[in-house]
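Chemist: Sharing a sequence plus its predicted fold:
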Amino acid sequence: MTIDVATGIVRILKEEGVGWVSTFPVCRVNNALGREGVPMLMMRDDRYAVAVADAFSRITAGSRIGVCTFQGGVNAAGMQYAYAGMAQAYEDGSPVLCITDGVPAGSSGNSQYDVASAMKTVSKWFGYLDKPERTPELMRRAFTMLRSGRPGPVILAIPNATATYDETADPYHPVKGWKSAPDPADVRAAVDQLLLAQNPLIYAGEGVIYAGASDDLRALAELVNVPVITTLKAKGAFPENHPLFVGVRGDQVAHYLNKSDVILAIGTSLSPDRFSHGIPDAPQKTIIHCNVDELHINKMYPTAYAVIGDARLSLQALREIVSDRTSGAGRNAGNVAAEVGASRHEALARYKQVMVSDEKPINPYRVYGDLMEVLDLKNSFVTHESGNTRDQLSTVFDTLIPRGFLGWGNVSTLGFSLAAAIAAKKAFPERASVAVTGEAGLGYMLGNLEVLLREKLGITVVHISNGGFAGYGPGFWGPGHDPFTHRVLGPDDVDMSKVIGALGFHTERVKEPGEIIPALRRALDVNNSGRPAYIEFICCQYPVYGQWVGRGE
Ligand SMILES: Cc1ncc(C[n+]2csc(CCOP(=O)(O)OP(=O)(O)O)c2C)c(N)n1
Ligand SMILES: [Mg+2]
């Protein structure tokens, strides 16, 4: 049967299990989505169209692929605006599928902005559908890239969506995605080092979550009795109430990074200075780097031992060899857990104290402490914004399940938390979904709040309202940073709860510490009936949190 390209693409998306597509108009595939009954989540700008689909892929660890469409072609205004979202997805390695109009034959070179070369800088793979018959082939390649290897965004540009082809000539079958297991010799060498180490440390990244390997990580950590830190993006890959969990950041993490002699890095790019730790005095340590591909091996640091393969298969292989070598007994290393516990206790004391503080304006840590009280941490979703909410939450928020908290941002693009909370609600409708933001993130979100009302997305935006960009406040970042771009209108000047209330959100403005829990409960309650909520907590500026460890230069 002869069909047009747009219809062919949409039918393939359905075969691939895609249940909805986020968009900002217009893309010529959209009408086929409408005709074929695939719901579109219409955002209010192109960047958010990408960001919601990106976040959906992250939150489901790529088991359900987020798909978006935006405007391209010669008049690529949408794509130019979407570029920020694409760049962020690329930077963070998110397997999102972006579909856009391609420059039609005969029009290349007609615009200043070159669609293909721009998109290639922010994608794992860019496909240009130059012949209608190639629709199944390019879709197969797209899903192969999305489901195999190192995750990253894929872009498909369709220059002529109305061109037709015979759907039966090359029938489409869903792509399973493939994984590779590491070389057994590399695994044995890694285990030798691990068992020889005096102070080994496991450094886990988001690859563990994409591989669905959290249980395997825990099993290995327990078998070798080794403390675990996770990256910001992997927060939740290891249960944070586990006795071997050190943290994401803070003095205790610095202590273990400094003291380690062998670092087993798994599923992380080990990229320092990107909202991540450096490895201090790396040449004096032995780095075992397990990664899905070679891109990150020997990057920034010398890799002593590489284990290249899927994180789950690598963890299983490591465990098997450790078991063999130790007759199943694992590594006996004294009471590691007690040491980890004491170190955490000491480092977190200063935060625990402010998490119960009655001071006014409210200390932001009090809001986080109360949020933990109110939420079922095994059945909820929280994410941060760029700024202090990232730094503070990643220091103290206890994450008990993978993606109970989404840490994001190798570079952290303001406004992503709203997209993440929306995607979490789409992925897990039964879970409470909370975005915690400062004023800067809120500014980015404002135009998109209408989407929550229209789509009846019951999520809560928690605003740590402190009247400024606290990280840029006087003195905090020391010489070289200045206080001149710090102040914005604060809660004394504008009542954001009234502004957002007028849109139709359930809103509250909370000044009393004792009112935090009741206000959060009311917000989560209205969320249950599909109504979004915005709670403004009048907070002090408190730019205090665990630091990232440098490289020790
Ligand atoms: C798109 C983008 N531009 C610029 C930045 C740099 N930036 C990071 S945090 C921040 C301000 C944060 O202030 P606020 O939201 O009030 O949070 P606070 O730190 O006060 O809690 C800025 C400008 C960024 N992360 N993303
Ligand atoms: Mg602020």
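Modeler: Nice, thanks for sending it over. Ligands and ions are numbered 1, 2, ... in the order given.
Chemist: residue in the protein nearest to ligand 2?
Modeler: Of all residues in the chain, residue 438 sits closest to ligand 2, at 3.6 Å by Cβ to the ion. Heads up, the C-betas are built off the backbone N, CA and C, glycines and all.
Chemist: Pull the residues that contact the lowest-mean-pLDDT helix or strand in the chain.
Modeler: Using mean pLDDT, DSSP states H and E, helix 115-120 stands out as the lowest-scoring helix or strand of the chain, at a mean of 92. Contacts with helix 115-120, where a contact means Cβ atoms under 8 Å, 6 or more residues apart in numbering, come from 72-73, 76, 79, 83, 86, 100, 102-103, 126, 128, 155, 157.
Chemist: Measure how buried the closest residue to ligand 1 within the stretch 351-500 of the chain is and give me the count.
Modeler: Distance from ligand 1 to each residue of the stretch 351-500 of the chain (Cβ to the nearest ligand atom) is smallest for residue 438, at 2.3 Å. A count of neighbours around residue 438, defined by other Cβ atoms under 10 Å, yields 29.
Chemist: Wait, it touches residue 384, no?
Modeler: No. In this structure, residue 438 is not within contact of residue 384 by Cβ atoms under 8 Å, at 9.6 Å.
Chemist: one step back: name the strands paired with the helix or strand that the least confident helix or strand of the chain is followed by and say parallel or antiparallel.
Modeler: Downstream of helix 115-120, the first helix or strand assigned by DSSP states H and E is strand 125-128. The pairing partners recorded for strand 125-128 under DSSP bridges are strand 154-158 (parallel).
Chemist: What mean pLDDT does the partner strand get?
Modeler: Here strand 154-158 scores 98 as its mean pLDDT.
Chemist: Mind listing the strands the next helix-or-strand element following it pairs with, and their directions?
Modeler: Remark: after strand 154-158, the chain's next helix or strand is strand 164-166, criterion DSSP H and E. Partners of strand 164-166 in the sheet, by DSSP bridges, are strand 2-4 (antiparallel).
Chemist: mind listing what's buried in the partner strand?
Modeler: 3-4 (16 or more other Cβ atoms under 10 Å).
Chemist: One more: stretch 303-323?
Modeler: Across stretch 303-323, burial judged by 16+ other Cβ under 10 Å covers 303-319, 321-322.
Chemist: One more: stretch 492-501?
Modeler: 496-497, 500-501.
Chemist: For that stretch, measure first residue to last.
Modeler: Chord length of stretch 492-501, first to last residue, is 17 Å (Cα to Cα, to the nearest Å).
Chemist: same check, this time on stretch 376-391
Modeler: Terminal-residue distance, stretch 376-391 (Cα to Cα): 22 Å.
Chemist: Measure how far that stretch is from the centre of its chain, please.
Modeler: Remark: stretch 376-391 is offset 11 Å from the chain centroid, using Cα atoms, centre = their mean, to the nearest Å.
Chemist: Please identify the buried residues of that stretch?
Modeler: For stretch 376-391, using 16+ other Cβ under 10 Å, the buried residues are 377, 380-391.
Chemist: If we check ligand 1, which of those residues are in contact?
Modeler: 385-389 (Cβ under 6 Å from any ligand atom).
Chemist: Next, check the residues you listed against the helices and list the overlap.
Modeler: 388-389 (DSSP state H).
Chemist: Could you tell me how far stretch 388-398 lies from the centre of the chain?
Modeler: Chain-centre distance of stretch 388-398: 14 Å, with Cα atoms, centre = their mean.
Chemist: ok, now stretch 519-531?
Modeler: With Cα atoms, centre = their mean as the basis, stretch 519-531 stands 25 Å off its chain's centre.
Chemist: The helix ranked longest in the chain - contacts with which helices or strands?
Modeler: Ranked by residue count, the top helix of the chain under DSSP H comes out as helix 336-355. Packing partners of helix 336-355 (3 or more Cβ pairs under 8 Å, 6 or more residues apart in numbering; DSSP states H and E): strand 245-247, helix 251-259, helix 364-374, helix 388-396.
Chemist: And the strands in the stretch 51-200 of the chain, which stretches?
Modeler: Under the criterion DSSP state E, counting those that start in this stretch, the stretch 51-200 of the chain contains strands at 67-70, 97-101, 125-128, 154-158, 164-166, 200-204.
Chemist: how about JSON lines for those strands, with mean neighbour count and distance to residue 223 added?
Modeler: Compiled in JSON lines, the strands of the stretch 51-200 of the chain are given as follows (neighbours: other Cβ atoms under 10 Å; distance: least, Cβ to Cβ, whole Å):
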{"stretch": "strand 67-70", "mean neighbour count": "30", "distance to residue 223": "39"}
{"stretch": "strand 97-101", "mean neighbour count": "27", "distance to residue 223": "38"}
{"stretch": "strand 125-128", "mean neighbour count": "19", "distance to residue 223": "37"}
{"stretch": "strand 154-158", "mean neighbour count": "26", "distance to residue 223": "37"}
{"stretch": "strand 164-166", "mean neighbour count": "15", "distance to residue 223": "54"}
{"stretch": "strand 200-204", "mean neighbour count": "26", "distance to residue 223": "11"}
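Chemist: so can I have TSV of those showing distance to residue 464?
Modeler: Converted to TSV, those look like this (distance: least, Cβ to Cβ, whole Å):
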stretch	distance to residue 464
strand 67-70	29
strand 97-101	32
strand 125-128	39
strand 154-158	35
strand 164-166	53
strand 200-204	28
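Chemist: Show me the one of those that comes nearest ligand 1.
Modeler: Using Cβ to the nearest ligand atom, these put strand 67-70 closest to ligand 1, at 18.0 Å.
Chemist: Would you mind giving me the confidence score for the residue nearest in space to the middle of the chain?
Modeler: For the chain, the residue nearest the mean C-alpha position is residue 408 (3.8 Å; Cα atoms, centre = their mean). Predicted confidence (pLDDT) for residue 408: 98.
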